[in-house]
Each structure stands twice: as structure tokens, then as C-alpha cells.
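Q: Only the shape, not the letters, is given here:
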């Protein structure tokens, strides 16, 4: 059986791949938000935070003597791209995309909550610090999206009536 440290390293690889998936999802979604400038600005800003999170996680992985999983990263990127492209075929992509990203943020929140507990258990202060830095960013984005969903819905419906 793997040690707790090995499990933490594997979970860090998962989180790194998850951030690659988030980046693809967010950038694909952003490309379709010309009519929603507030949402586009917030998404684009979070893309930059996501890239920084990837680097922080890579550093945690490497400091434990590991390396990122190219297979997990590639798989996550492909899933993120397909999630972003799936919205191209629905007329209400902005609403469904915002909902999907909100749900994905909840997954990230859960992942970082688990990583924090594992880092405490394994006394990995670098990982603990990084995950405690990332978690509030994900919570803030999820809260913003939750509060913004009614506005984007109303805006979408108003545009639909105008067409």
C-alpha cells in the first residue's frame, strides 16, 4: 500500500491535471463571451490565476521528488477542450457554460480541501501553504459565479427576446 506521502503526491498530480482542464475550459468559454464583457473579464483573470496555480502545484510535486503526469495533464486538457467545445452546439452556451464552470469550481474546492488535510497529515508545509493560497481563490471565483448566474441568465434571456 502506498504511503500517505505517495498518495499526496498522486493527488497533487491530479490537481495539476485538474488545473490544466480548468485552463482549457475557461479559455474555450472566454472565446464566446463578446456579449458578456463582465463575465469575460472575470474568466480571463481567472485563467491567469489558474496558470499560476499550475506552476505552484508543479513546484510542490517537484519538491517531493516527483514529476507531473503528462498523461493526466493531456487527458485533462482534452476533457477541458471538449467541455468548452460542447457549448458551441447549444444556443444557451453562456448560461450552461457559467453553470459548468461553477460546478467545476466546487470540484476544485473539494480537491484543495482534501489536499490541505493530506498536507497537514504528512507535515508537508510547502504543499499546505500552496493549497491554502489556492483554495480562497477558487472559493472567491465560485462565489462570484454563484452571484453572477442570475445576471447572466437575465442578460441571456433579454438577448434571446431581442433576436
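A: The structure has been received and is ready for your questions. Predicted model only: the values in this text are computed from it and were never measured.

Q: Show me the helices in this protein, by range?
A: Secondary structure of the chain (DSSP state H): helices at 4-30, 37-63, 70-86, 93-121, 125-162.

Q: Buried deepest among those, which one?
A: The highest mean neighbour count among the helices of the chain, using mean count of other Cβ atoms under 10 Å, belongs to helix 4-30: a mean of 21. For the C-beta atoms, the positions are set from N, CA and C on the backbone; glycine is no exception.

Q: Would you mind giving the orientation angle of it with respect to helix 93-121?
A: Direction vectors for helix 4-30 and helix 93-121, defined by axes from the mean of the first three to the mean of the last three Cα atoms, to 10 degrees, enclose an angle of 160 degrees.

Q: And the pLDDT at residue 62?
A: According to the prediction, residue 62 has pLDDT 94.

Q: Residue ranges in the chain under the pLDDT threshold?
A: Residue ranges of the chain with pLDDT under 70: 1, 69-90, 162-163.

Q: Chain neighbours aside, what residue packs nearest to the residue nearest the centre of it?
A: For the chain, the residue nearest the mean C-alpha position is residue 22 (3.8 Å; Cα atoms, centre = their mean). Excluding the flanking residues, the one nearest residue 22 by Cβ to Cβ, 6 or more residues apart in numbering is residue 50, at 5.1 Å.
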